[in-house]
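J.: sequence-free structure coming up:
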Ligand code: MRU
């Protein structure tokens, strides 16, 4: 039903669908080394927390393949430098750091292997993480689909679909799973200024999946909710704190306040790899500030007068109290809090 491959490992190269060009063009780029992967993440050729996690792992694997030294210690030191380059791309989505940490762990666990075998082991791990992510999303979809009824009109913010993952999606994955169960949903995608992930990417992939999509501008949400035209909200996440505070695309917090005011449930779908149990609440998350050009321009057209101050925080924090449930592959945390989230850990 939805078959988009935003990232793939092929012939010791990483192939990515260039999301900057969607929906106008479907172009794939090839990253031949880890530096190219880092640039692709930073410049948003690939984006979305789980997708950048997989990209990071593949970047580390490419970096590992390019290391030519004699000893394990030298190898590990160089691998750490590769990880640092990749970790310096985007600070907010924890999946990126989760992925580099996992790759370093695998390296340490197999330190006794000959270096060429260790390189292959790291490559296998990155490829496995890609397949794992799709399976995780499918399980999340099965877990979350029960919240949605035939005929529901659902708002989503940003893009938490197949494009934002290795495939299938988190928030949109839940909607795809509900659709596979025979439910017909009407999805509202808000534009998601300034980067327009909703208008460009969510609308594109829902269309491809044959799901009815309506694009609204971000400032229409309150009106649509007041008119009774939205039954439920579902979004993804970039980092969830131990207490259930959800960091996600800028604007999510506003949507959550509106949903609470109108008594509309707000669901967050995210893999366990997005939960950062090391931080007690959302105030500890580093919020990425992106280039101001994303605000001042739409495509090549400048909207804001030159010289005017502009801010561009790319994420915000929604307090757990505004979230009805967090849907993961391990189960549901509702209401999300320290206890319900901790119980999902192994
Ligand atoms: O800046 P982006 O496009 O990487 O931000 C993406 C989001 O905020 C998504 O909602 C989040 O990563 C969840 S994706 C499954």
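T.: Alright, I've got the coordinates. Note that this is a predicted model, so its numbers are computed, not measured. Residues are numbered from 1 along each chain as shown.

J.: how much space between whichever residue of the chain sits closest to the ligand and residue 156?
T.: Nearest to the ligand in the chain, going by Cβ to the nearest ligand atom, is residue 236, at a distance of 2.7 Å. Using the backbone N, CA and C atoms, a C-beta is placed for each residue, glycine as well. From residue 236 across to residue 156, the span is 9 Å (Cβ to Cβ, to the nearest Å).

J.: next: residue 79.
T.: Relative to residue 156, and taking Cβ to Cβ, residue 79 is found at 37 Å.

J.: who has more neighbours, these two?
T.: Ranked by neighbour count (other Cβ atoms under 10 Å), residue 79 and residue 156 place residue 156 first, with 29 against 23.

J.: surely the more buried one and residue 221 touch.
T.: No: Residue 156 lies out of contact with residue 221 (Cβ atoms under 8 Å); the separation is 11.0 Å.

J.: so for the two, which residues contact both of them?
T.: Among the neighbours of residue 156, those also in contact with residue 221 (Cβ atoms under 8 Å, 6 or more residues apart in numbering) are residue 190.

J.: can I assume residue 268 sits in a strand?
T.: Yes: assessed by DSSP: H, G, I helix; E, B strand; the rest coil, residue 268 belongs to a strand.

J.: that one against residue 238, yeah?
T.: No: using Cβ under 8 Å, residue 268 is not in contact with residue 238, being 10.7 Å away.

J.: and stretch 177-196, how far out from the chain's middle?
T.: Its chain's C-alpha centre and that of stretch 177-196 lie 15 Å apart, by Cα atoms, centre = their mean, to the nearest Å.

J.: what are the buried residues along that stretch?
T.: In terms of neighbour count (16 or more other Cβ atoms under 10 Å), stretch 177-196 has its buried residues at 177-179, 185, 187-196.

J.: need the residues that contact the helix or strand bottoming out on mean pLDDT in the chain.
T.: Ranked by mean pLDDT, DSSP states H and E, the helix or strand of the chain with the weakest confidence is strand 297-298, at a mean of 94. Contact with strand 297-298 is made by 196, 303, 304, as judged by Cβ under 8 Å, 6+ apart.

J.: how about the last one, nearest residue that isn't a chain neighbour?
T.: Sequence neighbours aside, residue 296 is the residue nearest to residue 304 in space, at 4.1 Å (criterion: Cβ to Cβ, 6 or more residues apart in numbering).

J.: that neighbour - how many residues pack around it?
T.: Residue 296 has 17 neighbours, counted by other Cβ under 10 Å.

J.: check contacts around it.
T.: 302, 303, 304, 310.

J.: which of the residues you listed fall within strands?
T.: residue 302 (DSSP state E).

J.: save the contacts of residue 296 as TSV, and put in distance to the ligand, pLDDT and neighbour count too.
T.: Formatted as TSV, the contacts of residue 296 follow (distance: Cβ to the nearest ligand atom, whole Å; pLDDT from 0 to 100; neighbours: other Cβ atoms under 10 Å):
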residue	distance to the ligand	pLDDT	neighbour count
302	22	98	11
303	20	96	9
304	20	98	13
310	17	98	13
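
J.: and the contacts of residue 296, which is closest to residue 338?
T.: residue 310 (37.3 Å; Cβ to Cβ).

J.: hmm, residue 291 and the closest one touching each other?
T.: No: counting by Cβ under 8 Å, residue 310 sits too far from residue 291 to count as a contact (9.6 Å).

J.: the closest residue to residue 205 other than its chain neighbours: neighbour count?
T.: Leaving aside its sequence neighbours, residue 205 sits nearest to residue 161 (Cβ to Cβ, 6+ apart; 4.8 Å). As a burial measure, residue 161 scores 32 neighbours (other Cβ under 10 Å).

J.: can you pull the phi/psi pair for the residue of the chain most remote from its centre?
T.: Ranked by distance from the centre of the chain (Cα atoms, centre = their mean), the top residue is residue 70, with 37.2 Å. When read as degrees, to the nearest 10, the backbone of residue 70 gives phi -100, psi -30.

J.: separation between it and residue 33?
T.: According to Cβ to Cβ, residue 70 and residue 33 sit 21 Å apart.

J.: can you give me the helices in this protein?
T.: 34-42, 49-65, 72-87, 94-109, 115-145, 171-180, 203-209, 221-226, 252-261, 293-296, 338-342 (DSSP state H).

J.: among those, which is nearest residue 321?
T.: helix 252-261 (8.2 Å).

J.: what is that closest one packed up against?
T.: Using 3 or more Cβ pairs under 8 Å, 6 or more residues apart in numbering; DSSP states H and E, the elements in contact with helix 252-261 are helix 221-226, strand 232-235, strand 266-269, strand 315-318.

J.: on that earlier part again, closest to residue 4 among the contacts of residue 296?
T.: The closest of these to residue 4 turns out to be residue 303 (Cβ to Cβ; 30.5 Å).

J.: do you know how far the closest one is from residue 297?
T.: Taking Cβ to Cβ, one finds residue 303 at 7 Å from residue 297.

J.: for residue 231, same thing?
T.: With Cβ to Cβ as the criterion, residue 231 and residue 297 are 35 Å apart.

J.: which of the two has more residues huddled nearby?
T.: residue 231 (17 against 14).
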